[in-house]
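A.B. asks: How does the following fold in three dimensions:
(one chain, ligands or ions: 2)
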Amino acid sequence: MAFSPLNWFLGLFSLDIGIDLGTANTLVYVRGKGIVINEPSWVAIDKKTRRPLAIGSEAKELVGRTPTNITAVRPLRDGVISEFEITQAMLGYFIDKAHEQSYVPIPRPRVVVGIPSGVTEVEKRAVYDATIAAGARDAFLIEEPMAAAIGAGLPIGEARGSMVLDIGGGTTEIAIFSMGGVVLSRSLRVAGDEMDEDIIQYARTKYNLAIGERMAERVKIDIGSAHSLSEEKSAVLRGRNLVTGLPDSVEVSSIEIRGALAESTRTLVDLVKEAIDETPPEIIADLMESGVCLAGGVSQLQGLADRMEDEINIECWVSDDPLTCVARGAGYILDDLDNLAKFLVGLERGSTQHT
Ligand code: ADP
Ligand code: MG
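C.D. replies: Ligands and ions are numbered 1, 2, ... in the order given. Next comes the predicted model:
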């Protein structure tokens with residue numbers, strides 16, 4: 001990285017920001033302050049002009065309740081950037097909001113953005129451009145599993161192998177690291193959203209009850225599980241009865257919901273099994289000591305870590321604060337850019353990144 005006196009000088013005052021551009025939640029970490037923004041990755045737009053009208057929590061509030069000329073979208077739903085302008089508006093809103101929170105007029109921030117692994121060159125470029133367009137002085141990209149591992153404090157720079165499984169809303173990512181590099185990585189579009197969908201389908205087929213996404217998500221968080229619970233629980237599903245057309249509610253047990261989620265949890269377990277199957281034996285030996293680190297919102301699903309552990313015979317542990325790992329990890333990179341730049345994603349031709 002070439003030394004620039006101007007950048008060095010600005011660096012003394014400017015904000016360093018790590019952003020987790022998640023499919024479900026966007027988090028912003030500011031060095032010295034911690035997580036300053038944690039909002040859903042939702043944007044409400046005017047259907048005709050596609051102009052953003054509300055972003056974050058305000059937009060999520062509108063889901064399922066919008067008037068006909070407004071629609072609420074998740075621009076990153078499957079871990080890819082489907083609508084560049086909407087993503088840019090969202091990034092701009094969050095960067096501005098983080099910037100506004102400082103009391104003195106300071107130069108534009110340096111920003112590290114976590115992106116799903118396996119996104120295309122075009123998508124990487126789109127996030128980079130969106131970050132610069134959104135007001136960053138310098139933008140860098142990092143693959144989410146790498147950021148999650150750094151945020152969780154895994155020793156990814158060491159020769160010892162370590163593994164992270166990040167289960168978010170739209171995507172699940174698994175990665176095994178050794179000596180600062182990725183030994184193996186996989187990603188899958190089965191994660192929290194798919195589980196919500198499982199619950200919606202279950203209510204429909206078993207009880208003729210149409211429920212919304214937010215109701216399904218609430219039940220998943222309250223009583224969803226991947227392993228039998230010491231005390232089984234129950235919850236009430238509310239929606240519209242598909243036979244009578246009238247409002248209706250039913251009480252469901254955690255056993256039923258576990259059954260509804262079984263296929264998705266099976267898929268996640270199989271993903272980990274396959275990854276282990278392809279891992280070199282030396283690294284498996286390391287993993288038997290260090291375990292598998294779970295991150296992302298769904299890592300908190302009750303009994304998931306126990307279930308994984310039973311199936312793969314390696315200890316599975318949920319990282320501290322699993323929802324903020326990626327944002328924190330991305331932010332930490334800027335603490336020591338000279339040494340940690342090797343963990344960033346390079347961009348092809350035309351890049352202005354210092355990697
Ligand atoms: P992303 O990185 O894709 O934005 P997150 O890591 O923020 O996703 O995780 C969001 C997902 O985690 C959502 O599907 C949400 O319902 C789920 N989630 C959050 N908390 C829990 C919980 N306690 N139990 C199960 N799922 C949870
Ligand atoms: Mg995530």
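
A.B. asks: For the rest of this, base every contact and every neighbour count on C-alpha atoms.
C.D. replies: Will do.

A.B. asks: Please determine how far I167 is located from ligand 2.
C.D. replies: Relative to ligand 2, I167 is positioned 7 Å away (C-alpha to the ion, to the nearest Å).

A.B. asks: do the same with R77
C.D. replies: Noted for R77: a distance of 11 Å to ligand 2, by C-alpha to the ion.

A.B. asks: which residues sit in contact with that residue?
C.D. replies: When contacts are counted by C-alpha atoms under 8 Å, 6 or more residues apart in numbering, R77 is found next to T23, A24, G169, G170.

A.B. asks: same thing with S41?
C.D. replies: Shown in contact with S41 (C-alpha under 8 Å, 6+ apart): L21, G22, T23, A24, N25, T26, I55, G56, R74, P75, L76, M90.

A.B. asks: Which of those residues ranks first by neighbour count?
C.D. replies: Of all the contacts of S41, the highest neighbour tally under other C-alpha atoms under 10 Å goes to G22, namely 30 neighbours.

A.B. asks: Hmm, which of the contacts of S41 is lowest in pLDDT?
C.D. replies: The member of these with the lowest model confidence is L76, at 82 (criterion: pLDDT).

A.B. asks: Make sure that residue is indeed in a strand.
C.D. replies: No. For L76, which was evaluated using DSSP: H, G, I helix; E, B strand; the rest coil, the result is coil, with no strand membership.

A.B. asks: Helix, strand, or coil at the closest residue to it other than its chain neighbours?
C.D. replies: Once its chain neighbours are removed from consideration, L76 has its nearest residue in T23; the separation is 4.9 Å (C-alpha to C-alpha, 6 or more residues apart in numbering). Per three-state DSSP, the secondary structure class of T23 is coil.

A.B. asks: Distance-wise, check T23 relative to S82.
C.D. replies: Applying C-alpha to C-alpha, to the nearest Å, one obtains 11 Å for the distance of T23 from S82.

A.B. asks: Contact residues of the stretch 151-300 of the chain facing ligand 1?
C.D. replies: 168-171, 192-193, 217, 220-221, 296-298, 300 (C-alpha under 6 Å from any ligand atom).

A.B. asks: Keep only those of these that are in helices.
C.D. replies: G192, D193, E217, K220, I221 (DSSP state H).

A.B. asks: Before I go, just wanted to say thanks for your time.
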